[in-house]
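J.: Show me the folded form of this:
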Amino acid sequence: MPLTINVSDDLRAHLERQLADGGFRSIDEYVEILIRRDRQHSEDQETYYARLLAIGQETGEITDDDHRRVQDEINAPRLEALRKSLREADAALDRGEGYVYDSAEGLLADIKQLAAERNQTRRTGTTG
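T.: Just a heads-up that it's a prediction; the model follows:
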């Protein structure tokens, strides 16, 4: 479903910088990813407040430790996914599958390409 939005010149300039530097293929893709992230954040916030409310109803109070524990529970799946990725990357390096870059520009170019591929995967659910 097409959607048209109007943004100020400074926001448009930011969008265009994101296209150039952020690994996004189009403004549509960038905006779609922002909306997905916002939706995830909203869902996390709803979960956070619902869990705190339940704690408050059960115990009569909500402590700083409750806040930290609930936030840790919400972040746990993403943190575990990150740890898994790091373990896989570490294993790849141990197998000699790393790459030595001759310049920061080469590394940055690869990072941008990987970001574009990741964003495409997130947007469509497929690779390539």
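J.: Which helix or strand contains the residue nearest to the spatial centre of the chain?
T.: Nearest residue to the geometric centre of the chain (Cα atoms, centre = their mean): residue 37, 6.7 Å. Using DSSP states H and E, the secondary-structure element containing residue 37 is helix 27-59.
J.: Name the next helix or strand following that helix along the chain.
T.: helix 64-94.
J.: Next secondary structure after that following helix?
T.: The helix or strand immediately downstream of helix 64-94 is helix 104-124, counting by DSSP H and E.
J.: other SSEs contacting that next one?
T.: Secondary structure elements in contact with helix 104-124, counted by 3 or more Cβ pairs under 8 Å, 6 or more residues apart in numbering; DSSP states H and E, are helix 27-59. All C-beta spots, glycine's among them, are computed from the backbone N, C-alpha and C.
J.: now for the helix it packs on, which elements pack on it?
T.: Under the contact rule (3+ Cβ pairs under 8 Å, 6+ apart), helix 27-59 is packed against helix 9-21, helix 64-94, helix 104-124.
J.: Identify whichever of those helices lies nearest to residue 1.
T.: For the helices and strands packed on helix 27-59, distance to residue 1 was read as Cβ to Cβ. The smallest value, 15.3 Å, belongs to helix 104-124.
J.: Pull the distance from the closest one to the chain's centre.
T.: 13 Å (Cα atoms, centre = their mean, to the nearest Å).
J.: what's the angle between it and helix 9-21?
T.: With axes from the mean of the first three to the mean of the last three Cα atoms, to 10 degrees defining the directions, helix 104-124 sits at 110 degrees from helix 9-21.
J.: circling back: dump the helices and strands packed on helix 27-59 to CSV, plus mean neighbour count, distance to residue 29 and mean pLDDT.
T.: CSV is the format used below for those (neighbours: other Cβ atoms under 10 Å; distance: least, Cβ to Cβ, whole Å; pLDDT from 0 to 100):
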stretch, mean neighbour count, distance to residue 29, mean pLDDT
helix 9-21, 12, 9, 86
helix 64-94, 11, 21, 95
helix 104-124, 13, 6, 79
